[in-house]
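Novice: My questions are about this predicted structure, shown below with the sequence.
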Amino acid sequence: MVAPESTPDVSALSYEQARDELIRVVNELEQGSATLEDSLALWERGEALAARCEEWLKGAKERLDAARAAAE
């Protein structure tokens, strides 16, 4: 597992960066080889990454809705 000090702040990640790291975290958790402590840290990081992806998707939807409304 990567040390938390070396991982970028979730709020600074692009959608693609957060998505790719989330995929890596899920794969690592699915392997089941991490210690309990590492698994909990991975889970927490995964939750933060999923929330960041959701923020990006919500923002994109709002921009699309605004553009559609302006076009009407």
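Specialist: It's in. Numbers count the residues shown, from 1 in each chain.
Novice: And what about Ala34, helix, strand or coil?
Specialist: Reduced to three states with DSSP: H, G, I helix; E, B strand; the rest coil, the structure at Ala34 is coil.
Novice: can you tell me how far it sits from Ala70?
Specialist: According to CB to CB, to the nearest Å, Ala34 and Ala70 sit 48 Å apart. Yep, even glycine has a C-beta here, placed from its N, CA and C like the rest.
Novice: likewise Arg24?
Specialist: When CB to CB is applied, the distance between Arg24 and Ala70 equals 38 Å.
Novice: So between these two, which is more surrounded?
Specialist: Of the pair Arg24 and Ala70, Arg24 is the one with more neighbours under other CB atoms under 10 Å, namely 15 against 7.
Novice: Show me which positions of the helix or strand in which the more buried one is found end up buried.
Specialist: When secondary structure is defined by DSSP states H and E, Arg24 falls within helix 15-31. Of the residues in helix 15-31, those with enough neighbours to count as buried (16 or more other CB atoms under 10 Å) are 18-19, 21-22, 25, 28-29.
Novice: same for whichever strand or helix holds Ala67, what does it pack against?
Specialist: Under DSSP H and E, the secondary-structure element containing Ala67 is helix 36-71. Using 3 or more CB pairs under 8 Å, 6 or more residues apart in numbering; DSSP states H and E, the elements in contact with helix 36-71 are helix 15-31.
Novice: Can you give the distance of the helix it packs on from its chain's centre?
Specialist: Averaging C-alpha positions (CA atoms, centre = their mean, to the nearest Å) puts helix 15-31 8 Å from its chain's average.
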